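Trainee: here is the input, now give the coordinates:
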Amino acid sequence: MPRVFKATEIEKEEKEVKRDYLDRHMPHVFCPDTVKRGEKFEVKIKLGDEYPHPDEHDHFISVIQLWNRETLLAEARYTAGVYGNVPSHFEVDFYIVAPEVSMNLSAMSVCTKHGLWQSEDKPVKVVSQV
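Mentor: Numbering: from 1, shown residues only. Below is the predicted model:
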């Protein structure tokens, strides 16, 4: 099983030293905190805030996934050069329908050189009326 890198497992001092490395690999989940049951809503996953990730033939983001706890909801696959062979902030928008119960969303990304990375969890409350 591959090692999964999580921001919570890295000490504060080490985070500062490796800020650019962590920033370009760590996925972040952006979506509403509360959604209406049975309605479609947008979930954006973005890698990097300050530092773009390389898009080279042997070093690129190959997969971005959206998870609800242990259930894979959506996945985007990339090939080298999809961002024109220039460093970029990889991102994808997924549109999903809110289930009957609350969600705990997370994202995973795979760098062809630096492995598997997991975001922090994003709790989403599901209500009958927003």
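
Trainee: which residues in the protein form strands?
Mentor: Secondary structure of the chain, counting by DSSP state E: strands at 4-6, 27-30, 34-36, 40-47, 61-68, 71-77, 91-97, 103-111, 115-118, 122-127.

Trainee: among those strands, which is nearest residue 20?
Mentor: When those are ranked by distance to residue 20, counting by CB to CB, first place goes to strand 40-47 at 12.6 Å. In this view, the C-beta of every residue, glycine as well, is placed from N, C-alpha and C.

Trainee: let me know the angle separating that closest one from strand 103-111.
Mentor: Taking axes from the mean of the first three to the mean of the last three CA atoms, to 10 degrees, strand 40-47 and strand 103-111 form an angle of 40 degrees between their directions.

Trainee: pull the residues that contact strand 40-47.
Mentor: The set of residues that contact strand 40-47 without belonging to it, under CB atoms under 8 Å, 6 or more residues apart in numbering, is 24-32, 35, 53, 61, 64, 66, 89-98, 105, 107, 109, 119.

Trainee: give the contact list for residue 3.
Mentor: The contact partners of residue 3, taken as CB under 8 Å, 6+ apart, are 115, 116.

Trainee: hang on, residue 23 packs against residue 51?
Mentor: Yes - with contact taken as CB atoms under 8 Å, residue 23 and residue 51 are classed as touching, separated by 4.5 Å.

Trainee: who has more neighbours out of those two?
Mentor: Set residue 23 next to residue 51 and count neighbours by other CB atoms under 10 Å: residue 23 wins out with 18 against 15.
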